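Engineer: Need a 3D model of the following:
(2 chains)
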Amino acid sequence: MRNIFAVAGVVIKELYRRKDFYVLFIVTILICLIMASINIYNDANIVRYVKEISLDLIWLCSLVIAVTTTARQIPAERENRTLLPLLAKPLTRVQLIVGKFLGCWLACGLALLCFYLFFGALAASREHHWPLLNYLQAGAMHWFMLGVVVALALLGSLVFAAPSSNSTICFVVIGGILFVGRHLDQQALKLAEPARSVVLGLYFALPHLEFYDMRDLVVHNWPLIAWKYIALALLYGLFYMAAFLIGACLVFRRKPVN
Amino acid sequence: MSTILKTEKLRVEYRSRELRQATKVALRGLDLEVGAGEVFGFLGPNGAGKTTTMNVLLGFVPPTSGAAYLFGIDVRQPIARQRIGYLPELTYYYKFLNAEELLRFYAKIFGLSRAVANQRIPELLKLVELEHAGKRPIKSYSKGMQQRVGLAQALINDPDLLILDEPTSGLDPLGRMKVREIIQRLKNEGKTVFFSSHELGEVESVCDRVAIIHQGELKAIGRVADITGSHANLEKAFLDIVGFQMQPAS
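Structural biologist: Next up is the predicted model:
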(Lines give C-alpha, C1' and ligand atoms only; values in the text may rest on other atoms or scores of the structure.)
Protein backbone atom coordinates (compact mmCIF):
# COMPACT_ATOMS: atom_id res chain seq x y z
CA MET A 1 0.00 0.00 0.00
CA ARG A 2 2.93 2.34 0.74
CA ASN A 3 3.98 2.37 -2.91
CA ILE A 4 0.42 2.87 -4.13
CA PHE A 5 -0.07 5.90 -1.87
CA ALA A 6 3.32 7.33 -2.90
CA VAL A 7 2.32 7.19 -6.59
CA ALA A 8 -1.15 8.56 -5.79
CA GLY A 9 0.39 11.47 -3.86
CA VAL A 10 2.41 12.57 -6.89
CA VAL A 11 -0.70 12.45 -9.12
CA ILE A 12 -2.62 14.67 -6.66
CA LYS A 13 0.30 17.13 -6.51
CA GLU A 14 0.30 17.25 -10.30
CA LEU A 15 -3.39 18.14 -10.43
CA TYR A 16 -3.19 21.04 -8.01
CA ARG A 17 0.00 22.41 -9.56
CA ARG A 18 -1.43 22.51 -13.06
CA LYS A 19 -3.66 25.32 -14.26
CA ASP A 20 -6.45 23.15 -15.72
CA PHE A 21 -8.43 22.74 -12.50
CA TYR A 22 -8.15 26.40 -11.50
CA VAL A 23 -9.25 27.60 -14.94
CA LEU A 24 -12.31 25.32 -14.95
CA PHE A 25 -13.17 26.21 -11.35
CA ILE A 26 -12.90 29.96 -11.92
CA VAL A 27 -14.89 29.80 -15.17
CA THR A 28 -17.63 27.81 -13.40
CA ILE A 29 -17.72 30.29 -10.51
CA LEU A 30 -17.92 33.27 -12.86
CA ILE A 31 -20.71 31.79 -14.99
CA CYS A 32 -22.71 30.76 -11.92
CA LEU A 33 -22.26 34.07 -10.15
CA ILE A 34 -23.31 36.04 -13.21
CA MET A 35 -26.38 33.85 -13.61
CA ALA A 36 -27.23 34.08 -9.94
CA SER A 37 -27.00 37.85 -9.95
CA ILE A 38 -29.63 38.42 -12.63
CA ASN A 39 -33.28 37.46 -12.78
CA ILE A 40 -34.40 38.11 -16.34
CA TYR A 41 -37.99 36.87 -16.16
CA ASN A 42 -38.68 37.83 -12.57
CA ASP A 43 -39.34 34.16 -11.94
CA ALA A 44 -39.49 33.16 -8.29
CA ASN A 45 -38.13 29.72 -9.21
CA ILE A 46 -35.14 31.08 -11.12
CA VAL A 47 -32.86 29.62 -8.46
CA ARG A 48 -33.69 26.14 -9.80
CA TYR A 49 -32.41 27.08 -13.25
CA VAL A 50 -29.27 28.53 -11.72
CA LYS A 51 -28.78 25.33 -9.72
CA GLU A 52 -29.40 23.16 -12.77
CA ILE A 53 -26.96 25.03 -14.98
CA SER A 54 -24.36 25.11 -12.17
CA LEU A 55 -24.63 21.35 -11.76
CA ASP A 56 -24.41 20.82 -15.53
CA LEU A 57 -21.20 22.86 -15.52
CA ILE A 58 -19.85 20.91 -12.54
CA TRP A 59 -20.58 17.63 -14.33
CA LEU A 60 -18.90 18.82 -17.50
CA CYS A 61 -15.83 20.20 -15.67
CA SER A 62 -15.44 17.10 -13.51
CA LEU A 63 -15.56 14.87 -16.60
CA VAL A 64 -12.97 17.03 -18.35
CA ILE A 65 -10.69 16.93 -15.28
CA ALA A 66 -11.12 13.16 -14.83
CA VAL A 67 -10.48 12.23 -18.46
CA THR A 68 -7.67 14.66 -19.24
CA THR A 69 -5.81 14.05 -15.96
CA THR A 70 -5.99 10.27 -16.32
CA ALA A 71 -5.38 10.05 -20.05
CA ARG A 72 -1.94 11.68 -19.81
CA GLN A 73 -0.62 9.74 -16.81
CA ILE A 74 1.03 6.67 -18.37
CA PRO A 75 1.77 8.23 -21.81
CA ALA A 76 3.58 11.15 -20.08
CA GLU A 77 5.60 8.71 -17.97
CA ARG A 78 6.64 6.89 -21.14
CA GLU A 79 7.33 10.01 -23.17
CA ASN A 80 9.44 11.69 -20.47
CA ARG A 81 11.06 8.33 -19.64
CA THR A 82 10.21 8.71 -15.94
CA LEU A 83 8.72 5.23 -16.16
CA LEU A 84 12.25 3.78 -16.32
CA PRO A 85 13.59 5.04 -12.97
CA LEU A 86 10.19 4.39 -11.42
CA LEU A 87 9.94 0.74 -12.46
CA ALA A 88 13.63 0.23 -11.67
CA LYS A 89 12.57 0.57 -8.04
CA PRO A 90 10.79 -2.11 -6.03
CA LEU A 91 7.45 -1.05 -7.49
CA THR A 92 5.32 -3.51 -9.44
CA ARG A 93 3.36 -2.55 -12.52
CA VAL A 94 0.12 -3.41 -10.72
CA GLN A 95 1.05 -1.01 -7.90
CA LEU A 96 1.78 1.69 -10.45
CA ILE A 97 -1.59 1.26 -12.17
CA VAL A 98 -3.51 1.14 -8.88
CA GLY A 99 -1.54 4.15 -7.57
CA LYS A 100 -2.30 6.15 -10.71
CA PHE A 101 -5.98 5.22 -10.48
CA LEU A 102 -6.20 6.09 -6.80
CA GLY A 103 -4.37 9.39 -7.33
CA CYS A 104 -6.62 10.44 -10.21
CA TRP A 105 -9.76 9.37 -8.37
CA LEU A 106 -8.79 11.19 -5.17
CA ALA A 107 -7.75 14.26 -7.16
CA CYS A 108 -11.17 14.24 -8.85
CA GLY A 109 -12.74 13.88 -5.39
CA LEU A 110 -10.88 16.96 -4.15
CA ALA A 111 -11.90 18.94 -7.22
CA LEU A 112 -15.49 17.78 -6.75
CA LEU A 113 -15.41 18.85 -3.11
CA CYS A 114 -14.41 22.39 -4.15
CA PHE A 115 -17.15 22.50 -6.79
CA TYR A 116 -19.85 21.21 -4.43
CA LEU A 117 -18.80 23.58 -1.63
CA PHE A 118 -19.16 26.47 -4.03
CA PHE A 119 -22.47 25.09 -5.31
CA GLY A 120 -23.74 24.63 -1.74
CA ALA A 121 -22.78 28.19 -0.82
CA LEU A 122 -24.46 29.54 -3.95
CA ALA A 123 -27.67 27.56 -3.39
CA ALA A 124 -27.76 28.42 0.34
CA SER A 125 -27.41 32.12 -0.41
CA ARG A 126 -30.62 31.96 -2.46
CA GLU A 127 -32.67 29.26 -0.74
CA HIS A 128 -31.48 29.87 2.82
CA HIS A 129 -31.20 26.20 3.61
CA TRP A 130 -28.57 23.59 3.05
CA PRO A 131 -29.80 20.03 2.41
CA LEU A 132 -26.50 18.42 3.39
CA LEU A 133 -27.60 14.80 2.97
CA ASN A 134 -28.87 15.47 -0.57
CA TYR A 135 -25.50 16.96 -1.41
CA LEU A 136 -23.74 14.02 0.21
CA GLN A 137 -25.72 11.50 -1.85
CA ALA A 138 -25.28 13.45 -5.08
CA GLY A 139 -21.56 14.04 -4.39
CA ALA A 140 -20.84 10.41 -3.49
CA MET A 141 -22.64 9.13 -6.58
CA HIS A 142 -20.89 11.69 -8.76
CA TRP A 143 -17.48 10.71 -7.32
CA PHE A 144 -18.07 6.99 -7.94
CA MET A 145 -19.17 7.75 -11.49
CA LEU A 146 -15.85 9.59 -11.94
CA GLY A 147 -14.09 6.50 -10.53
CA VAL A 148 -15.53 4.43 -13.40
CA VAL A 149 -14.50 7.15 -15.89
CA VAL A 150 -10.96 7.31 -14.45
CA ALA A 151 -10.54 3.52 -14.63
CA LEU A 152 -11.84 3.54 -18.22
CA ALA A 153 -9.50 6.37 -19.24
CA LEU A 154 -6.56 4.60 -17.58
CA LEU A 155 -7.28 1.44 -19.57
CA GLY A 156 -7.62 3.58 -22.70
CA SER A 157 -4.26 5.26 -22.03
CA LEU A 158 -2.59 1.85 -22.27
CA VAL A 159 -4.34 0.97 -25.52
CA PHE A 160 -4.08 4.32 -27.30
CA ALA A 161 -0.64 5.83 -27.11
CA ALA A 162 -1.63 9.49 -27.63
CA PRO A 163 -3.46 11.17 -24.72
CA SER A 164 -5.50 13.26 -27.18
CA SER A 165 -6.90 10.24 -29.03
CA ASN A 166 -7.62 8.50 -25.74
CA SER A 167 -9.39 11.58 -24.35
CA THR A 168 -11.51 11.97 -27.50
CA ILE A 169 -12.51 8.30 -27.49
CA CYS A 170 -13.30 8.46 -23.76
CA PHE A 171 -15.51 11.53 -24.21
CA VAL A 172 -17.35 9.85 -27.10
CA VAL A 173 -17.87 6.63 -25.11
CA ILE A 174 -18.96 8.46 -21.94
CA GLY A 175 -21.25 10.78 -23.90
CA GLY A 176 -22.68 7.75 -25.70
CA ILE A 177 -23.32 5.94 -22.44
CA LEU A 178 -24.91 8.97 -20.79
CA PHE A 179 -27.15 9.97 -23.66
CA VAL A 180 -27.79 6.73 -25.58
CA GLY A 181 -26.96 3.90 -23.14
CA ARG A 182 -30.21 4.13 -21.22
CA HIS A 183 -32.30 3.72 -24.41
CA LEU A 184 -30.46 0.72 -25.83
CA ASP A 185 -32.86 -1.84 -24.32
CA GLN A 186 -35.88 -0.15 -25.93
CA GLN A 187 -34.06 0.05 -29.26
CA ALA A 188 -33.12 -3.63 -28.99
CA LEU A 189 -36.79 -4.63 -28.78
CA LYS A 190 -37.40 -3.06 -32.20
CA LEU A 191 -34.63 -5.10 -33.84
CA ALA A 192 -34.61 -8.60 -35.31
CA GLU A 193 -32.25 -11.31 -34.10
CA PRO A 194 -29.24 -11.48 -33.90
CA ALA A 195 -28.90 -7.66 -33.72
CA ARG A 196 -31.40 -7.67 -30.85
CA SER A 197 -29.21 -9.92 -28.69
CA VAL A 198 -26.09 -7.94 -29.57
CA VAL A 199 -27.66 -4.60 -28.58
CA LEU A 200 -29.19 -6.12 -25.44
CA GLY A 201 -25.81 -7.62 -24.55
CA LEU A 202 -24.24 -4.20 -25.01
CA TYR A 203 -26.93 -2.65 -22.82
CA PHE A 204 -26.12 -5.02 -19.97
CA ALA A 205 -22.33 -4.86 -20.45
CA LEU A 206 -22.04 -1.07 -20.45
CA PRO A 207 -21.52 0.76 -17.16
CA HIS A 208 -24.70 2.79 -16.80
CA LEU A 209 -23.28 6.10 -15.74
CA GLU A 210 -26.73 7.70 -15.85
CA PHE A 211 -27.54 5.84 -12.60
CA TYR A 212 -25.20 8.29 -10.87
CA ASP A 213 -26.88 11.41 -12.19
CA MET A 214 -28.67 12.89 -9.15
CA ARG A 215 -28.86 16.45 -10.33
CA ASP A 216 -32.67 16.49 -10.18
CA LEU A 217 -32.58 15.42 -6.54
CA VAL A 218 -30.51 18.46 -5.68
CA VAL A 219 -32.18 20.94 -8.04
CA HIS A 220 -35.75 20.17 -6.93
CA ASN A 221 -34.90 19.31 -3.30
CA TRP A 222 -36.52 15.90 -3.69
CA PRO A 223 -36.50 13.51 -0.73
CA LEU A 224 -33.45 11.37 -0.20
CA ILE A 225 -32.97 8.09 -2.06
CA ALA A 226 -32.95 5.05 0.25
CA TRP A 227 -29.35 4.43 1.32
CA LYS A 228 -29.53 0.75 0.33
CA TYR A 229 -30.02 1.78 -3.32
CA ILE A 230 -27.15 4.22 -3.07
CA ALA A 231 -24.96 1.44 -1.64
CA LEU A 232 -25.98 -0.87 -4.49
CA ALA A 233 -25.12 1.77 -7.07
CA LEU A 234 -21.73 2.36 -5.42
CA LEU A 235 -21.05 -1.40 -5.47
CA TYR A 236 -22.05 -1.47 -9.14
CA GLY A 237 -19.51 1.30 -9.77
CA LEU A 238 -16.81 -0.52 -7.81
CA PHE A 239 -17.38 -3.61 -9.95
CA TYR A 240 -16.74 -1.66 -13.16
CA MET A 241 -13.73 0.14 -11.66
CA ALA A 242 -12.25 -3.25 -10.71
CA ALA A 243 -13.01 -4.70 -14.16
CA PHE A 244 -11.34 -1.81 -16.00
CA LEU A 245 -8.36 -1.84 -13.63
CA ILE A 246 -7.85 -5.58 -14.09
CA GLY A 247 -7.96 -4.96 -17.84
CA ALA A 248 -5.38 -2.15 -17.49
CA CYS A 249 -3.07 -4.35 -15.39
CA LEU A 250 -3.30 -7.18 -17.95
CA VAL A 251 -2.50 -4.83 -20.84
CA PHE A 252 0.35 -3.14 -18.95
CA ARG A 253 1.86 -6.41 -17.69
CA ARG A 254 3.58 -7.22 -20.98
CA LYS A 255 3.87 -3.74 -22.44
CA PRO A 256 7.43 -2.58 -23.24
CA VAL A 257 8.35 0.37 -21.07
CA ASN A 258 10.62 2.14 -23.54
CA MET B 1 34.38 -11.65 -3.90
CA SER B 2 30.65 -12.37 -4.04
CA THR B 3 28.74 -12.10 -7.30
CA ILE B 4 26.34 -9.16 -7.44
CA LEU B 5 25.16 -9.34 -11.03
CA LYS B 6 24.99 -12.41 -13.19
CA THR B 7 23.51 -13.33 -16.55
CA GLU B 8 23.38 -16.87 -17.89
CA LYS B 9 23.04 -17.50 -21.61
CA LEU B 10 20.80 -14.47 -21.86
CA ARG B 11 18.94 -14.28 -25.14
CA VAL B 12 16.45 -11.60 -26.10
CA GLU B 13 14.45 -11.62 -29.31
CA TYR B 14 12.13 -8.89 -30.43
CA ARG B 15 9.26 -9.80 -32.67
CA SER B 16 9.23 -7.51 -35.67
CA ARG B 17 6.06 -5.51 -36.21
CA GLU B 18 6.33 -5.99 -39.93
CA LEU B 19 4.88 -9.27 -41.12
CA ARG B 20 7.62 -10.47 -43.43
CA GLN B 21 10.55 -9.47 -41.25
CA ALA B 22 12.22 -12.07 -39.12
CA THR B 23 12.52 -11.65 -35.36
CA LYS B 24 15.39 -9.42 -34.30
CA VAL B 25 17.89 -10.94 -31.93
CA ALA B 26 19.16 -8.31 -29.50
CA LEU B 27 21.20 -10.60 -27.24
CA ARG B 28 22.70 -13.97 -28.12
CA GLY B 29 23.52 -16.02 -25.05
CA LEU B 30 25.20 -13.35 -22.95
CA ASP B 31 27.17 -14.55 -19.93
CA LEU B 32 28.29 -11.86 -17.52
CA GLU B 33 29.38 -11.86 -13.92
CA VAL B 34 30.14 -8.76 -11.86
CA GLY B 35 31.62 -9.05 -8.40
CA ALA B 36 31.00 -6.92 -5.32
CA GLY B 37 32.94 -3.64 -5.24
CA GLU B 38 33.79 -3.65 -8.94
CA VAL B 39 33.39 -0.76 -11.33
CA PHE B 40 32.39 -2.55 -14.50
CA GLY B 41 32.25 -0.84 -17.90
CA PHE B 42 29.82 -2.22 -20.43
CA LEU B 43 30.85 -1.16 -23.91
CA GLY B 44 29.61 -1.61 -27.41
CA PRO B 45 28.64 0.35 -30.50
CA ASN B 46 25.10 1.71 -30.87
CA GLY B 47 22.60 -1.14 -31.22
CA ALA B 48 25.00 -3.70 -29.73
CA GLY B 49 22.58 -4.72 -26.95
CA LYS B 50 23.82 -2.69 -23.97
CA THR B 51 20.51 -1.04 -23.16
CA THR B 52 18.65 -4.32 -23.78
CA THR B 53 20.93 -6.01 -21.23
CA MET B 54 20.17 -3.25 -18.72
CA ASN B 55 16.46 -3.51 -19.49
CA VAL B 56 16.56 -7.22 -18.70
CA LEU B 57 18.51 -6.61 -15.50
CA LEU B 58 15.92 -4.06 -14.39
CA GLY B 59 12.97 -6.28 -15.26
CA PHE B 60 11.72 -4.05 -18.09
CA VAL B 61 12.15 -6.74 -20.74
CA PRO B 62 11.68 -10.46 -20.11
CA PRO B 63 14.47 -12.63 -21.56
CA THR B 64 13.49 -15.01 -24.35
CA SER B 65 15.74 -17.61 -22.75
CA GLY B 66 18.47 -17.69 -20.14
CA ALA B 67 18.36 -15.93 -16.80
CA ALA B 68 19.61 -12.85 -15.00
CA TYR B 69 20.19 -12.38 -11.29
CA LEU B 70 20.90 -9.43 -9.01
CA PHE B 71 22.23 -10.39 -5.57
CA GLY B 72 21.28 -13.98 -6.46
CA ILE B 73 17.60 -13.07 -6.94
CA ASP B 74 15.87 -13.50 -10.29
CA VAL B 75 15.46 -10.03 -11.82
CA ARG B 76 11.77 -10.69 -12.50
CA GLN B 77 11.09 -10.35 -8.78
CA PRO B 78 10.66 -6.70 -7.69
CA ILE B 79 12.62 -7.36 -4.48
CA ALA B 80 15.75 -7.82 -6.66
CA ARG B 81 15.61 -4.06 -7.25
CA GLN B 82 15.57 -3.10 -3.55
CA ARG B 83 19.34 -2.62 -3.36
CA ILE B 84 20.03 -1.08 -6.74
CA GLY B 85 20.14 2.44 -8.09
CA TYR B 86 19.50 3.16 -11.75
CA LEU B 87 20.21 6.19 -13.87
CA PRO B 88 18.68 6.00 -17.36
CA GLU B 89 20.02 7.94 -20.28
CA LEU B 90 18.24 11.28 -20.80
CA THR B 91 15.25 11.30 -18.53
CA TYR B 92 13.00 14.30 -17.93
CA TYR B 93 11.80 14.07 -14.35
CA TYR B 94 8.39 15.26 -13.14
CA LYS B 95 8.34 18.92 -14.08
CA PHE B 96 5.82 19.91 -11.44
CA LEU B 97 7.99 18.62 -8.57
CA ASN B 98 11.16 20.08 -7.14
CA ALA B 99 14.27 17.99 -6.51
CA GLU B 100 13.50 17.50 -2.82
CA GLU B 101 9.98 16.30 -3.53
CA LEU B 102 11.22 13.98 -6.25
CA LEU B 103 13.79 12.41 -3.93
CA ARG B 104 11.19 12.12 -1.16
CA PHE B 105 8.84 10.32 -3.55
CA TYR B 106 11.49 7.78 -4.52
CA ALA B 107 12.52 7.42 -0.86
CA LYS B 108 8.93 6.45 -0.04
CA ILE B 109 8.98 3.76 -2.73
CA PHE B 110 12.11 2.31 -1.18
CA GLY B 111 10.37 2.37 2.19
CA LEU B 112 12.83 4.79 3.79
CA SER B 113 11.53 6.35 6.98
CA ARG B 114 10.88 10.09 7.07
CA ALA B 115 13.88 10.59 9.40
CA VAL B 116 16.25 8.73 7.08
CA ALA B 117 14.89 10.59 4.04
CA ASN B 118 15.27 13.93 5.84
CA GLN B 119 18.91 13.14 6.47
CA ARG B 120 19.68 11.59 3.08
CA ILE B 121 18.07 14.15 0.77
CA PRO B 122 20.25 17.17 1.73
CA GLU B 123 23.34 14.94 1.62
CA LEU B 124 22.55 13.83 -1.92
CA LEU B 125 21.68 17.32 -3.10
CA LYS B 126 25.02 18.47 -1.76
CA LEU B 127 26.80 15.57 -3.43
CA VAL B 128 25.39 16.46 -6.85
CA GLU B 129 25.77 20.19 -6.11
CA LEU B 130 22.08 20.99 -6.28
CA GLU B 131 21.61 22.10 -2.67
CA HIS B 132 20.87 25.66 -3.84
CA ALA B 133 18.23 24.41 -6.31
CA GLY B 134 16.52 21.76 -4.19
CA LYS B 135 13.29 23.74 -3.89
CA ARG B 136 13.18 24.94 -7.47
CA PRO B 137 10.81 23.15 -9.88
CA ILE B 138 12.64 20.61 -12.02
CA LYS B 139 11.17 22.23 -15.14
CA SER B 140 13.57 25.14 -14.58
CA TYR B 141 16.66 22.86 -14.54
CA SER B 142 19.24 22.71 -17.29
CA LYS B 143 20.07 19.38 -18.95
CA GLY B 144 23.13 18.92 -16.72
CA MET B 145 21.09 19.64 -13.59
CA GLN B 146 18.47 17.11 -14.71
CA GLN B 147 21.19 14.51 -15.13
CA ARG B 148 22.54 15.33 -11.65
CA VAL B 149 19.10 15.03 -10.05
CA GLY B 150 18.90 11.69 -11.85
CA LEU B 151 22.12 10.64 -10.20
CA ALA B 152 20.77 11.74 -6.82
CA GLN B 153 17.60 9.66 -7.26
CA ALA B 154 19.74 6.66 -8.21
CA LEU B 155 21.56 7.00 -4.87
CA ILE B 156 18.55 7.67 -2.62
CA ASN B 157 18.46 4.14 -1.18
CA ASP B 158 22.24 3.99 -0.65
CA PRO B 159 22.40 1.17 -3.22
CA ASP B 160 24.93 -1.63 -3.25
CA LEU B 161 24.74 -1.79 -7.03
CA LEU B 162 24.46 1.20 -9.30
CA ILE B 163 23.42 0.70 -12.93
CA LEU B 164 24.17 3.74 -15.08
CA ASP B 165 23.17 3.98 -18.72
CA GLU B 166 25.54 6.46 -20.36
CA PRO B 167 25.68 8.69 -17.29
CA THR B 168 27.77 11.40 -18.92
CA SER B 169 25.72 11.63 -22.09
CA GLY B 170 24.95 15.26 -22.85
CA LEU B 171 27.04 16.65 -19.99
CA ASP B 172 29.69 19.34 -20.31
CA PRO B 173 33.31 18.51 -19.27
CA LEU B 174 32.67 19.76 -15.72
CA GLY B 175 29.58 17.61 -15.39
CA ARG B 176 31.48 14.59 -16.69
CA MET B 177 34.26 15.15 -14.20
CA LYS B 178 31.70 15.34 -11.42
CA VAL B 179 30.10 12.05 -12.46
CA ARG B 180 33.55 10.41 -12.59
CA GLU B 181 34.28 11.72 -9.10
CA ILE B 182 31.02 10.28 -7.81
CA ILE B 183 31.73 6.88 -9.40
CA GLN B 184 35.20 6.93 -7.86
CA ARG B 185 33.73 7.84 -4.49
CA LEU B 186 31.20 5.00 -4.70
CA LYS B 187 34.02 2.63 -5.58
CA ASN B 188 35.93 3.75 -2.52
CA GLU B 189 32.83 3.05 -0.42
CA GLY B 190 32.83 -0.51 -1.76
CA LYS B 191 29.78 -0.12 -4.02
CA THR B 192 29.44 -1.97 -7.29
CA VAL B 193 28.95 0.15 -10.40
CA PHE B 194 27.81 -1.27 -13.73
CA PHE B 195 27.75 1.33 -16.44
CA SER B 196 27.62 1.73 -20.18
CA SER B 197 29.42 4.52 -21.94
CA HIS B 198 30.80 5.62 -25.28
CA GLU B 199 33.47 7.71 -23.52
CA LEU B 200 36.28 5.18 -23.59
CA GLY B 201 38.81 7.47 -21.93
CA GLU B 202 36.45 7.80 -19.00
CA VAL B 203 35.92 4.03 -18.86
CA GLU B 204 39.67 3.47 -18.91
CA SER B 205 40.17 5.81 -15.99
CA VAL B 206 37.49 4.49 -13.63
CA CYS B 207 36.76 0.84 -14.50
CA ASP B 208 38.26 -2.27 -12.95
CA ARG B 209 36.91 -4.53 -15.68
CA VAL B 210 35.10 -4.04 -18.95
CA ALA B 211 33.01 -6.13 -21.30
CA ILE B 212 32.66 -5.40 -25.00
CA ILE B 213 29.49 -6.49 -26.72
CA HIS B 214 28.77 -6.36 -30.43
CA GLN B 215 25.63 -7.47 -32.29
CA GLY B 216 24.32 -9.06 -29.10
CA GLU B 217 27.41 -11.19 -28.50
CA LEU B 218 30.05 -10.81 -25.87
CA LYS B 219 33.32 -10.16 -27.69
CA ALA B 220 35.69 -9.53 -24.80
CA ILE B 221 35.66 -9.34 -21.02
CA GLY B 222 38.46 -8.70 -18.58
CA ARG B 223 40.60 -6.12 -16.84
CA VAL B 224 41.13 -2.88 -18.74
CA ALA B 225 44.87 -3.57 -19.09
CA ASP B 226 44.23 -7.08 -20.45
CA ILE B 227 41.70 -5.84 -23.00
CA THR B 228 43.94 -3.00 -24.10
CA GLY B 229 46.86 -5.47 -24.50
CA SER B 230 49.21 -4.36 -27.22
CA HIS B 231 46.94 -1.53 -28.41
CA ALA B 232 47.79 2.08 -27.66
CA ASN B 233 44.63 2.61 -25.64
CA LEU B 234 41.18 1.16 -24.95
CA GLU B 235 39.64 2.98 -27.89
CA LYS B 236 42.01 1.30 -30.35
CA ALA B 237 41.38 -2.08 -28.71
CA PHE B 238 37.61 -1.49 -28.85
CA LEU B 239 37.68 -0.63 -32.56
CA ASP B 240 39.78 -3.71 -33.26
CA ILE B 241 37.45 -5.99 -31.28
CA VAL B 242 34.28 -4.75 -32.97
CA GLY B 243 35.99 -5.16 -36.35
CA PHE B 244 36.21 -1.53 -37.38
CA GLN B 245 38.82 -0.99 -40.10
CA MET B 246 40.58 2.38 -40.04
CA GLN B 247 40.72 3.87 -43.53
CA PRO B 248 44.16 5.22 -44.38
CA ALA B 249 44.14 8.96 -44.95
CA SER B 250 44.38 9.76 -48.66
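Engineer: Show me the longest helix that occurs in chain B.
Structural biologist: helix B:173-188 (DSSP state H).
Engineer: which element follows it toward the C-terminus?
Structural biologist: Remark: after helix B:173-188, the chain's next helix or strand is strand B:192-196, criterion DSSP states H and E.
Engineer: host element of the residue nearest the centre of chain B?
Structural biologist: Taking CA atoms, centre = their mean, the centroid of chain B lies closest to B:Leu164, which sits 1.9 Å from it. In the assignment (DSSP H and E), B:Leu164 maps to strand B:161-165.
Engineer: Next, the buried residues of the helix ranked longest in chain A.
Structural biologist: The longest helix of chain A (DSSP H) is helix A:93-127. For helix A:93-127, burial by neighbour count (16 or more other CB atoms under 10 Å in any protein chain shown) applies to A:93-109, A:111-112, A:115-116, A:118-120, A:122-123. (Each C-beta comes from the backbone N, C-alpha and C, glycine too.)
Engineer: Could you do stretch B:115-135 as well?
Structural biologist: Neighbour-count burial for stretch B:115-135 [16+ other CB under 10 Å]: B:117, B:120-121, B:124-125, B:127-128, B:130-131, B:133-134.
Engineer: Then stretch A:200-214?
Structural biologist: A:200, A:203, A:206-209, A:211-214.
Engineer: Same question for stretch B:4-14.
Structural biologist: Buried residues in stretch B:4-14 (16+ other CB under 10 Å): B:4-7, B:10-13.
Engineer: Now, those that are in helices?
Structural biologist: The members of these all map outside helices under DSSP H.
Engineer: what's the strand holding B:Leu164 in contact with?
Structural biologist: A:88, B:4-5, B:50-51, B:54, B:57-58, B:70-71, B:83-89, B:154-155, B:183, B:186, B:191-196 (CB atoms under 8 Å, 6 or more residues apart in numbering or on different chains).
Engineer: who's in contact with the residue in the stretch 151-258 of chain A that chain B sits nearest to?
Structural biologist: Of all residues in the stretch 151-258 of chain A, A:Val257 sits closest to chain B, at 4.7 Å by CB to the nearest CB. Residues near A:Val257 by CB under 8 Å, 6+ apart: A:78, A:83-84, A:87, B:55, B:60.
Engineer: I'd like the mean pLDDT over stretch A:185-205, please.
Structural biologist: Stretch A:185-205 carries an average pLDDT of 83.
Engineer: Show me what counts as buried in it.
Structural biologist: Neighbour-count burial for stretch A:185-205 [16+ other CB under 10 Å]: A:188, A:199-200, A:203.
Engineer: Same check on stretch A:67-81?
Structural biologist: So stretch A:67-81, judged by 16+ other CB under 10 Å, has buried residues A:67-78, A:81.
Engineer: ok, so of these, who is nearest chain B?
Structural biologist: A:Arg81 (4.4 Å).
Engineer: who are the neighbours in contact with the closest residue to chain B within the stretch 101-250 of chain A?
Structural biologist: Closest residue of the stretch 101-250 of chain A to chain B, CB to the nearest CB: A:Gly103 (11.8 Å). A:Gly103 sits next to A:7-12 when contact means CB under 8 Å, 6+ apart.
Engineer: Make a PyMOL selection of the buried ones in these.
Structural biologist: Selection of the buried residues among the contacts of A:Gly103 in PyMOL, burial being defined by 16+ other CB under 10 Å:
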select buried, chain A and resi 7+8+9+10+11+12
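Engineer: Of the contacts of A:Gly103, which is the nearest to chain B?
Structural biologist: A:Val10 (5.6 Å).
Engineer: Next, see if whichever helix or strand the closest one is part of gets close to chain B.
Structural biologist: A:Val10 is part of helix A:2-17, with elements assigned from DSSP H and E. Yes. Against chain B, helix A:2-17 shows contacts by CB under 8 Å from any CB of the partner chain at A:2-3, A:5-6, A:9-10, A:13-14, A:17.
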